[in-house]
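Asker: model this:
(one chain, ligands or ions: 2)
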Amino acid sequence: METLMTAQTIPTQPFDGQKPGTSGLRARTRVFMQPRYLENFVQSVFDTVGPLDGKTLTLGGDGRFFNDRAIQTILRMAAANGAARVLVGRDGLLSTPAASAVIRHRKTDGGLILSASHNPGGEDGDFGIKYNIPAGGPAPESITGAIHARTAEITEYRIVDGPDVDLSVEGESVLGGMVVEVIDPVAIYAELMGSLFDFDAIRLLFADGFRMRFDAMHAVTGPYAKTILEDQLGAEPGTVVNAEPLPDFGGGHPDPNPVYAAALMAEMFSDGAPDFGAASDGDGDRNMIVGRHTYVTPSDSLAVLAANAHLAPGYASGIAGVARSMPTSRAADRVAAKLGVEAFATPTGWKFFGTLLDAGRVTICGEESAGTGSSHVREKDGLWAVLLWLNVLAAKKMSVAGVMAEHWATYGRDYYSRHDYEEVDKAAAETLMDDLRAALGDLPGTEIEGLTVTDADDFSYTDPVDGSTVERQGIRIVFGEAARGVLRLSGTGTVGATLRVYLERYEPDPSKQGEDPQQALSQVSAAIQTRAGIAERLGRTEPDVRT
Ligand code: VG1
Ligand code: CO
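Answerer: Ligands and ions are numbered 1, 2, ... in the order given. A predicted model of the protein is given here:
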């Protein structure tokens, strides 16, 4: 029986810095756990997108430490703010792409996703939250800006009292007049995947002895990968490892790149390696693709998927266009040109793809940070990318190495790597960027480490659909047709600053496409390091991560 609960109005004062970054608000878990911090932000979201009266929201997170407590708080606040219903994943879990799928499929009035994605979790790790709009995607800058403005002037929030809602069983209950509907976190998503891909062909592939390793990194994708890969597609039991979501991701860093997914890399480069390997991040929107003895850069993966998407039933009629974030390599543009479809370069962050997807201008999008996705949802989608790769391999009956060789022979190879300098001094990193920005006009024509700069700018973007503009989205230093370096500061970190240096070089000649990427990029890397003064300014001679 539901007891009558009255909404309470609690006075509060603003916290500094509740500014959503590349993907929502992120902060140390302990910062989020202090009284009123989460409440302030959630009430600011409700004040911005509300009133909530009669509305339905989707709610879930990646299961990291504080996920369970935060969900209970948000449910009480949604009830106090008049929401009619909240759909919440069982045990409070929903991967980011699954949340997007639920928002779209059940036509909810947007949703809240709790995650700091690839950032480590735990009481001493990071936590995060973001609001997604009814189309299913991350809120655009106009909304995140309004939410931030609201956090700076908030004076009270609303919440009902009451016991915790039991989220361990599917079904409905009532909280302060609002229906809480606990849903299977996997079902809607798995059904969507089944509608896009040739599951029969992938089943045959596994039945023929194709071997795969999927490393869920103790993050949210485990249950999704187990259900789809092992139960539905017949991959052998044990294909998915680290499948149980843990509050601290088992102490790991749930970022699927060669450094943080070292165990998977070692297995894929061993004798007797499986045919195919993949990993996903904290909230399941990123993917890493590895063939036997073959690492596929995310930029190349985007290009390969764009070139071959028509082999999957969901994309059989072809793709409308391709969008990539600006720092992502130009490999996808080459595919778009050949297909005769539009190609777009957007700022970093999935929120910039939403308008293009909604307008039907693009079907496939991707970022060099291991995010790929399509118009099926409005988030990047790790398992989707893995399934499309499987569908392509099943249709082409080729190995990953074979697919890559064929792709590069057709389009040329874009050698690519990102070098991250993590948790460096924030002021020093900002000065580095400011000084470089100030020198942009003088760069063209200068020679650095034997390379001549032909162009240099700070990327600004006007959305071709809604006309909104953003500036200062990354400094580009271009060396002729072939080589390019991009520098920008991360917008997802919680401590200090992270400098990202994106390097690429184009090689059309198949006889020169077998070089080690770091070797192939050493000259452009040296040029950027020298011109930006990374060693002197940041005290770092080596990056922490090379993807
Ligand atoms: C990073 C990536 C960006 C991605 C964002 C969110 O942002 O570079 O491509 O969209 O993370 O991904 P930044 O500002 O740190 O470079 V996720 O999977 O952390 O939500
Ligand atoms: Co993520």
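Asker: pLDDT averaged over stretch 206-218 - what is it?
Answerer: Mean per-residue pLDDT for stretch 206-218: 97.
Asker: can you check stretch 57-76 too?
Answerer: Mean predicted lDDT for stretch 57-76 stands at 98.
Asker: Can you name the residue of the protein nearest ligand 1?
Answerer: Among the residues of the chain, Ser117 lies closest to ligand 1, at 2.9 Å counting by Cβ to the nearest ligand atom. To be clear about C-beta, it is placed using only N, CA and C from the backbone, and glycine gets the same treatment.
Asker: Just confirm that residue contacts Asp283, I think it does.
Answerer: Yes: assessed by Cβ atoms under 8 Å, Ser117 is found in contact with Asp283 at 4.9 Å.
Asker: Domain ranges for this protein, per the record?
Answerer: For the chain, automatic domain parsing gives the domain ranges 2-184, 189-411, 413-546.
Asker: Burial-wise, tell me which of those comes out on top.
Answerer: Of all these, domain 189-411 has the most neighbours on average by mean count of other Cβ atoms under 10 Å, namely a mean of 22.
Asker: For ligand 2, see how far away the nearest residue to Phe210 once chain neighbours are set aside is.
Answerer: Sequence neighbours aside, Asp275 is the residue nearest to Phe210 in space, at 5.2 Å (criterion: Cβ to Cβ, 6 or more residues apart in numbering). Per Cβ to the ion, to the nearest Å, Asp275 is found 26 Å from ligand 2.
Asker: Tell me who's in contact with Asp275.
Answerer: Each residue near Asp275 by Cβ atoms under 8 Å, 6 or more residues apart in numbering is listed here: Phe210, Arg211, Met212, Gly291, Arg292, Leu393, Ser399, Val400.
Asker: same check, this time on Gly137
Answerer: Neighbours of Gly137 in contact, by Cβ under 8 Å, 6+ apart: Ser100, Trp350, Lys351, Phe353, Gly354, Leu357, Val377, Arg378, Glu379.
Asker: from the residues you listed, which two are the most distant?
Answerer: Farthest pair in the contacts of Gly137 (Cβ to Cβ) is Lys351 and Val377. Separation: 13.5 Å.
Asker: and the end-to-end length of stretch 115-130?
Answerer: Start-to-end span of stretch 115-130 (Cα to Cα, to the nearest Å) is 8 Å.
Asker: repeat for stretch 84-100
Answerer: Per Cα to Cα, stretch 84-100 runs 20 Å from first to last residue.
Asker: and that stretch, what's its mean pLDDT?
Answerer: 98.
Asker: how far out from the middle of the chain is it?
Answerer: Centre-to-centre, stretch 84-100 and its host chain are 17 Å apart (Cα atoms, centre = their mean, to the nearest Å).
Asker: one step back: contacts only, for the residue of the chain closest to ligand 1.
Answerer: Ser23, Asp62, Thr96, Gly128, Asp281, Gly282, Asp283, Asp285, Arg286, Thr492 are the contacts of Ser117 under Cβ under 8 Å, 6+ apart.
Asker: Report the spatially nearest residue to Val45, omitting neighbours in sequence.
Answerer: In space, Val45 is closest to Tyr131, 4.8 Å off (Cβ to Cβ, 6+ apart).
Asker: Looking at strand pairing, list the partners for that neighbour.
Answerer: With DSSP bridges as the criterion, Tyr131 is bridged to Leu112.
Asker: Now for it: which residues touch it?
Answerer: Gly24, Val45, Val49, Gly110, Gly111, Leu112, Pro138, Ala139, Ile143, Thr144, Ile147.
Asker: hang on, isn't the last one packed against Ser44?
Answerer: Spelled out, that is Ile147. Yes: Ile147 lies in contact with Ser44 (Cβ under 8 Å); the separation is 5.2 Å.
Asker: which residues does the nearest residue to Met212 once chain neighbours are set aside contact?
Answerer: Leaving out its chain neighbours, the residue that sits closest to Met212 by Cβ to Cβ, 6+ apart is Phe276, at 4.6 Å. Contacts for Phe276 were tallied using Cβ under 8 Å, 6+ apart; they are Phe210, Arg211, Met212, Arg213, Val290, Gly291, Arg292, Trp389, Leu390, Leu393, Val400.
Asker: What about those, which are in helices?
Answerer: Of the positions in those, Trp389, Leu390, Leu393, Val400 sit in helices, assigned by DSSP state H.
Asker: distance of whatever residue of the chain ends up closest to ligand 2 from Phe46?
Answerer: Nearest residue of the chain to ligand 2, counting by Cβ to the ion: Ser117, 3.1 Å away. Computed as Cβ to Cβ, to the nearest Å, the Ser117 to Phe46 distance reads 23 Å.
Asker: mind listing what the closest residue to Gly61 other than its chain neighbours touches?
Answerer: Leaving aside its chain neighbours, Gly61 sits nearest to Leu114 (2.9 Å; criterion: Cβ to Cβ, 6+ apart). Leu114 is in contact with Leu59, Gly60, Gly61, Asp62, Arg64, Asn67, Ala70, Ile71, Gly92, Phe127, Gly128, Ile129, counting by Cβ under 8 Å, 6+ apart.
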